[in-house]
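Q: test case, fold it:
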Amino acid sequence: MKTSYFLNFILAAALVYLAVLYAGKPEPVAQEATVTDSNSMEFILSRTSVRSYSSREVTRAQIDTLLRAAMAAPTAMNKQPWQFVVIDDRVLLDSISSRFPNISMASKAQVAVVVCGDMSKTIGGEGRDYWIQDCSAATENLLLAANAAGLGAVWCGIYPVSERVSALTAMLGLPDGIVPLCVVPVGYPEGVSAPKDKYDSSKIHYNRF
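A: Numbering: from 1, shown residues only. Here you go, the predicted model:
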């Protein structure tokens, strides 16, 4: 009996001690997430279209990082309707530069990534063209990742200009159902390119236009 009484006394004392200990501690306050506190916003706002590159090599590991970022983009119904063609052959880069006036900078780029839509992975019916949005999201992720890595890149449109689509399809031997959306030349920037401040409050509308 004495042993039981003693144990109960020790247990009660311990509970009182814990209650006093935690009563004096304030409740933890959740920190409000602020995007401006991270580097993410800096990389977004400082991104520019870089068209001039140095001769410094872009590694396969860096390209893999860019592609991982691209494929982290959201897609409708998680279809992931994309394919990527990485071009690091100097002759092919020069050929693309000569053939497409809007991709002339490819002759100076160390590598280029062609973002393509895979029509076998699209949603049926009216949702088919969501592949354009999905691949565009992947392209933007790639551009942001390039900026974060200290690289320069630029989005060069191919689709929906049929002449461009046909020409690039032939040059790259793209199979049926693979449609090139854009070409993204990549390299280390030569010189400094200042970002444009495109924020315009007059284009913001709440609830109704």
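Q: strands along the chain, start to end?
A: 82-87, 111-118, 152-153, 156-157, 178-187 (DSSP state E).
Q: could you give the angle of the longest one to strand 111-118?
A: Spelled out, it's strand 178-187. 160 degrees (axes from the mean of the first three to the mean of the last three Cα atoms, to 10 degrees).
Q: for the closest residue to Arg51 other than its chain neighbours, give me the pLDDT.
A: Using Cβ to Cβ, 6 or more residues apart in numbering and skipping the chain neighbours, the partner closest in space to Arg51 is Met105 (4.3 Å). All C-beta spots, glycine's among them, are computed from the backbone N, C-alpha and C. Looking at Met105, its pLDDT stands at 98.
Q: about what we covered before: winner for burial among the strands of the chain?
A: Among those, the stretch with the highest mean neighbour count (mean count of other Cβ atoms under 10 Å) is strand 152-153, at a mean of 28.
Q: for that one, name the packing helices and strands.
A: Packed against strand 152-153, as judged by 3 or more Cβ pairs under 8 Å, 6 or more residues apart in numbering; DSSP states H and E, are the following elements: helix 130-148, strand 178-187.
Q: returning to that earlier point: the residue nearest to Arg51 contacts Tyr53, correct?
A: Yes - if you go by Cβ atoms under 8 Å, Met105 and Tyr53 touch, sitting 7.3 Å apart.
Q: between the two, who's got more neighbours?
A: Counted by other Cβ atoms under 10 Å, Met105 and Tyr53 do not tie: Tyr53 has more neighbours, with 25 against 20.
Q: which residues touch the more buried one?
A: Residues counted as contacts of Tyr53 (Cβ atoms under 8 Å, 6 or more residues apart in numbering) are Met105, Lys108, Ala109, Gln110, Gly152, Pro185, Val186, Gly187, Tyr188, Pro189, Glu190.
Q: just put the residues you listed in TSV and tack on distance to Gly173.
A: Shown next, in TSV, are these (distance: Cβ to Cβ, whole Å):
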residue	distance to Gly173
Met105	23
Lys108	24
Ala109	20
Gln110	22
Gly152	28
Pro185	20
Val186	21
Gly187	24
Tyr188	29
Pro189	31
Glu190	31
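Q: between these, which is nearest Val58?
A: Gln110 (4.2 Å; Cβ to Cβ).
Q: my guess is the closest one meets Gly187, correct?
A: Yes - using Cβ under 8 Å, Gln110 is in contact with Gly187, at 4.5 Å.
Q: shared neighbours of the two, anything?
A: Common contact partners of Gln110 and Gly187 (Cβ under 8 Å, 6+ apart): Tyr53, Arg56, Val58.
Q: please consider this matter closed, and thank you.
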